[in-house]
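>>> Generate a structure from the sequence data that follows.
(one chain, ligands or ions: 1)
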Amino acid sequence: MTTGYVYERVFHKHNWPDHPENARRLSAVMDYLSSHDILPRLVHIPSREAKINELQLCHHPLYIEMVEDTCRFGGGMLDADTYTNKFSFEAAAHAAGGLIDLSVAVVKGELDNGFALIRPPGHHAIPNRAMGFCLFGNTAIAARAAQYITGIERVAIVDFDVHHGNGTQAILEEDPTVMFVSSHQYPFYPGTGAIYQTGTGPAEGTKINLPLSVMMGDEDIKRLYGEVVFPLLRRFQPQLIIVSAGFDAHWDDPLANIGLTLTGYQWLVNSLIGLAGELCDGKIVFALEGGYNLQVLAPGVGNTFRALLGETDVDDPLGISPWVEPDVSSLLSQLKKIHAL
Ligand SMILES: [Zn+2]
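Next comes the predicted model:
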């Protein structure tokens, strides 16, 4: 297998040491990949700044200009949670540009698959506003750029970060060509992601929200993805799968209360890779979103690379969740009814 990764020093320069979304996250990931002999087996894909017209595939021109101007003058808060400094525009533009190039290389068959180790994350950024640590909607931008550049028609974005990918959904709300699946703690930040938010107009039915109750864990996730998400992906027949990979649904994450283990995460990652093999010649790309416990994030990313390389071993140093999983049957039957399964 040829597995690519995107990573640049500029992603460390967007930083606020006291904020949960800080540059130590990426340092922990890179240290893990080096010390576990994963990095030498990967192909580095250099990133570039996404062009303004690529950012405009998903964001308002005045918003892009505002972010650029704010950073040029030293940065500032764009909402209560979202900081910028003088390097943030450059980092965010590289995050989007790197994910575009990785996705295009995978669609063209120049790489088998890949993972973009990018910061800042993207899935909360809406068309005209930054939100929740995110400046630009990396996965939505990459999906549309890959469609434009390679001519593919259907892309699926699967978001297993513990927070609803409200930005990705807002950008793609009326777009029937991109399926968006999000599993997330609910109700929780950012407040969206209810089960009935299935897309509007021509996109009705292409947005799938799995609102998880606190303490739901590996077995609940297996049933939800196995009985709802995978059949819907088979129905949609994507030509590329992009994963918004957040590791904050782990039971020991400090920001949330979902009970996945790293072994559960690996089941999900392996299943999505297997589904890409079945549906789209293995074309799958992961993009880093959240994950705020570094003892979870680093092995979680490492395990994902192991799976992308075709290996079966899993590093799960923290083990099982201390919680009993609530029953998922009623959520499952509602989802099946709403999505006609
Ligand atoms: Zn998150």
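>>> CA atoms for contacts and neighbours, from now on please.
Noted.
>>> Do you have the helices of this structure handy? List them.
10-13, 24-35, 52-55, 61-72, 88-107, 138-150, 166-172, 218-224, 230-236, 262-280, 294-308, 329-338 (DSSP state H).
>>> Ok, which of these comes nearest the ion?
helix 166-172 (10.9 Å; C-alpha to the ion).
>>> Contacts (any at all) between the ion and the closest one?
No. Judged by C-alpha under 5 Å from the ion, helix 166-172 and the ion are separated, with a smallest distance of 10.9 Å.
>>> In terms of secondary structure, what does that helix contact?
helix 138-150, strand 178-185 (3 or more C-alpha pairs under 8 Å, 6 or more residues apart in numbering; DSSP states H and E).
>>> who in this protein is up against the ion?
So far as C-alpha under 5 Å from the ion goes, the chain lies against the ion at 161-163, 290.
>>> would you list those in CSV and tack on neighbour count?
Formatted as CSV, the residues of the chain next to the ion follow (neighbours: other C-alpha atoms under 10 Å):
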residue, neighbour count
Asp161, 24
Val162, 30
His163, 30
Gly290, 27
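>>> re earlier: any idea which of the helices of the chain gets closest to Gly201?
helix 166-172 (11.3 Å; C-alpha to C-alpha).
>>> Just the C-alphas of that closest one, formatted as CSV.
Taking C-alpha atoms only, helix 166-172 is exported to CSV below (Å, rounded to 0.1, in the frame of the first residue of the first chain):
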residue,chain,number,x,y,z
ASN,A,166,-22.1,21.8,11.8
GLY,A,167,-19.9,23.7,9.4
THR,A,168,-19.6,20.8,7.0
GLN,A,169,-23.3,20.3,7.1
ALA,A,170,-24.1,24.1,6.7
ILE,A,171,-21.8,24.3,3.6
LEU,A,172,-23.3,21.1,2.0
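>>> Give me the contacts around it.
58-59, 122-127, 137, 139-140, 178, 180, 190, 192-193, 199, 207 (C-alpha atoms under 8 Å, 6 or more residues apart in numbering).
>>> hang on, the earlier thing: what's the most buried one of the helices of the chain?
Of those, the one with the most neighbours on average (mean count of other C-alpha atoms under 10 Å) is helix 88-107, at a mean of 27.
>>> now it, how far from the centre of its chain.
13 Å (C-alpha atoms, centre = their mean, to the nearest Å).
>>> for the record, mean pLDDT for that helix?
Taken as a whole, helix 88-107 carries a mean pLDDT of 98.
>>> Who are the packing partners of it?
strand 3-6, helix 10-13, strand 43-45, helix 61-72, strand 113-116, helix 138-150, strand 284-288.
>>> got the angle between the longest one and strand 284-288?
To tie it back to what came earlier, the one meant is helix 138-150. 140 degrees (axes from the mean of the first three to the mean of the last three C-alpha atoms, to 10 degrees).
>>> Run through the neighbouring helices and strands of helix 138-150.
Secondary elements touching helix 138-150 (3+ C-alpha pairs under 8 Å, 6+ apart): helix 52-55, helix 88-107, strand 155-159, helix 166-172, strand 240-245.
>>> Tell me which residues touch Gln185, please.
Taking C-alpha under 8 Å, 6+ apart as the test, what Gln185 contacts is 162-164, 211-214, 256-258.
>>> got the contact list for the closest residue in space to it that isn't next to it in sequence?
Leaving aside its chain neighbours, Gln185 sits nearest to Leu212 (4.6 Å; criterion: C-alpha to C-alpha, 6 or more residues apart in numbering). Going by C-alpha under 8 Å, 6+ apart, Leu212 touches 183-186, 258.
>>> for Ile242, same thing?
139, 143, 155-158, 284-287.
>>> Taking those, tell me the two that lie furthest apart.
Among those, Val155 and Ala287 lie farthest apart (C-alpha to C-alpha), at 14.4 Å.
>>> what are the phi and psi angles of the residue nearest to Glu173 when sequence neighbours are not counted?
Distances taken as C-alpha to C-alpha, 6+ apart put Gly199 closest to Glu173, at 5.1 Å, once the chain neighbours are dropped. Dihedral angles of Gly199 (phi, psi; degrees, to the nearest 10) stand at phi 100, psi 160.
>>> Gly199 contacts Gly193, correct?
No. Using C-alpha atoms under 8 Å, Gly199 is not in contact with Gly193; the gap is 10.9 Å.
>>> The two: which is more packed in?
Counted by other C-alpha atoms under 10 Å, Gly199 and Gly193 do not tie: Gly193 has more neighbours, with 28 against 22.
>>> doesn't His164 make contact with the more buried one?
Yes. The criterion here is C-alpha under 8 Å, and Gly193 meets it with His164 at 5.6 Å.
>>> Give me the common contacts of those two.
Overlap of the contact sets of Gly193 and His164 (by C-alpha under 8 Å, 6+ apart) consists of 182, 184.
>>> For the spatially most distant residue from the centre of the chain, which non-adjacent residue is spatially closest?
Relative to the mean C-alpha coordinate of the chain, counting by C-alpha atoms, centre = their mean, the farthest residue is Phe73 (29.6 Å). Distance criterion C-alpha to C-alpha, 6+ apart; nearest residue to Phe73, sequence neighbours excluded, is Lys86 at 6.8 Å.
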